[in-house]
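>>> What follows is a predicted protein model with its sequence.
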Amino acid sequence: MIRAAALFVAVLTGSAASAVTCETVGFEGLSYSVCDVDPARDELALFLRRGDGTGLGSFAALAAERPEQTLRFAMNAGMYHPDRRPVGHYVQDGVEVMRLLTNESPGNFGLLPNGVLCLTDDSARVYETLAFAEAAPACRDATQSGPMLVIDGALHPRFLADSDSRFIRNGVGTSDAGDRAVFVISDQAVSFHEFGRFFRDGLGLPQALYFDGRISRLYAPDLGRNDAGFAMGPMIGVFE
């Protein structure tokens, strides 16, 4: 384990002087970039299109939407079609763009159970999709992705400890109270099992949701990160 104790505490507790705390954390010999957000204090929101309806697609375009503010953190936030439409349920500023999908389907998104990240003005919670459908929470913003990484403290039942499927992966974990959201991207290729264990055992989070493993990007000035690549669909970020 290459995690330093002081660094680990800093990631878990956050910093009162900063809207978002981003750190590099080691766990079980692997390295992760971790951004810890307080939804009650930080302006955490989803982004997909400009005001004129055209797709954003990049961190630079997102930052340009609010030139009077500073983008502190951003990450891709859910799978999308070639035209960048969200694959699953997507809500932004209370407007539903895509309905909730509950059936099994090909690819990682349909590797059930999958889940939904639900944002309100002061909370962020990951729900398993069927639990989300039953609870019907009032989300200001929501994005559906899959698979779930951690469900009520347990790893996804189809993850294999000896899997050789490894990618740069990113996702989000939340506390049950919804008062903490932690966004993670692996610094090297990892398996689903390794990635889920980091959220559960390394960060102590009971719920975690996978965002992607081929188009995983992070904007974190504190870490010198402004990842470039193909145009993205949904993004999540914090402006200060």
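That came through fine.

>>> Kindly provide the whole-number mean pLDDT of stretch 104-123.
Stretch 104-123 carries an average pLDDT of 93.

>>> from the chain's centre, how far out does it sit?
Chain-centre distance of stretch 104-123: 10 Å, with C-alpha atoms, centre = their mean, to the nearest Å.

>>> Same check on stretch 74-82?
With C-alpha atoms, centre = their mean as the basis, stretch 74-82 stands 10 Å off its chain's centre.

>>> List the buried residues of it.
Neighbour-count burial for stretch 74-82 flags 74, 75, 76, 77, 78, 79, 80 (criterion: 16 or more other C-beta atoms under 10 Å). Glycine gets a C-beta too; all of them are placed from N, C-alpha and C.

>>> Just the helices from this protein, written as ranges.
Listed in chain order, the helices of the chain (DSSP state H) span 5-13, 59-65, 129-135, 192-197.

>>> who's in contact with residue 152?
Counting by C-beta atoms under 8 Å, 6 or more residues apart in numbering, residue 152 touches 206, 207.

>>> how close does it get to residue 55?
Here the criterion is C-beta to C-beta, to the nearest Å. By it, residue 152 lies 35 Å from residue 55.

>>> Could I get the contacting residues of the most far-flung residue of the chain relative to its centre?
Distance from the C-alpha centroid of the chain, by C-alpha atoms, centre = their mean, peaks at residue 52 (25.7 Å). Residue 52 sits next to no residue when contact means C-beta under 8 Å, 6+ apart.

>>> State the phi and psi torsions of it.
Main-chain dihedrals, residue 52, degrees, to the nearest 10: phi -90, psi 0.

>>> quick one: pLDDT of it?
89.

>>> next one: residue 42
The per-residue pLDDT reported for residue 42 equals 94.

>>> State the number of residues packed around it.
21 (other C-beta atoms under 10 Å).

>>> so who does it touch?
Residue 42 neighbours (C-beta under 8 Å, 6+ apart): 19, 20, 72, 238.

>>> Please repeat the previous calculation with a cut-off of 6 Å.
Contact analysis of residue 42 by C-beta atoms under 6 Å, 6 or more residues apart in numbering lists 19, 238.

>>> and what of the one 5 residues further on?
Each residue near residue 47 by C-beta under 6 Å, 6+ apart is listed here: 56, 62, 235.

>>> For the residues you listed, pick the one with the most neighbours.
Going by other C-beta under 10 Å, residue 235 tops these with 23 neighbours.
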